[in-house]
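Visitor: Structure here, sequence nowhere to be found:
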């Protein structure tokens, strides 16, 4: 299932004896800058940022698609 993270969503109860597995991917546009909100950023990376910094750390935020070559 793929949906916008701001979309109200949910899943029913897990009726199996095992755990339910899931993965989350947060995408942002190329050229995005830090707005001061932690959101999905890990604390170590967050500590290196100031408001307005480009979120261009390839290890943390790899570019999956760009319209213009960098």
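Guide: Nice, thanks for sending it over. Note that the coordinates shown come from a computational prediction; the quantities given were computed from them, not determined experimentally. Numbers count the residues shown, from 1 in each chain.

Visitor: where are the low-confidence patches of this structure?
Guide: Where the chain drops to pLDDT under 70, the residues are 1, 68-70.

Visitor: From the centre of this protein, point out the most distant residue.
Guide: No residue in the chain sits farther from the centre than residue 17, which is 29.8 Å out by CA atoms, centre = their mean.

Visitor: Secondary structure class of that one, three-state.
Guide: Three-state assignment for residue 17 (DSSP: H, G, I helix; E, B strand; the rest coil): coil.

Visitor: for residue 44, same thing?
Guide: Of the three states, residue 44 takes helix under three-state DSSP.

Visitor: quick one, what contacts the most centrally placed residue in the chain?
Guide: The geometric centre of the chain, computed from its C-alpha atoms, lies nearest to residue 26 (CA atoms, centre = their mean), at 2.5 Å. Taking CB atoms under 8 Å, 6 or more residues apart in numbering as the contact definition, residue 26 lies against 5, 39, 40. Using the backbone N, CA and C atoms, a C-beta is placed for each residue, glycine as well.

Visitor: Report the buried members of those residues.
Guide: Buried positions within those, assessed by neighbour count (16 or more other CB atoms under 10 Å), are absent altogether.

Visitor: got the residues you listed as JSON lines, with secondary structure and distance to residue 59 columns?
Guide: Output for the contacts of residue 26, formatted as JSON lines (DSSP: H, G, I helix; E, B strand; the rest coil; distance: CB to CB, whole Å):
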{"residue": "5", "secondary structure": "coil", "distance to residue 59": "22"}
{"residue": "39", "secondary structure": "coil", "distance to residue 59": "18"}
{"residue": "40", "secondary structure": "coil", "distance to residue 59": "15"}
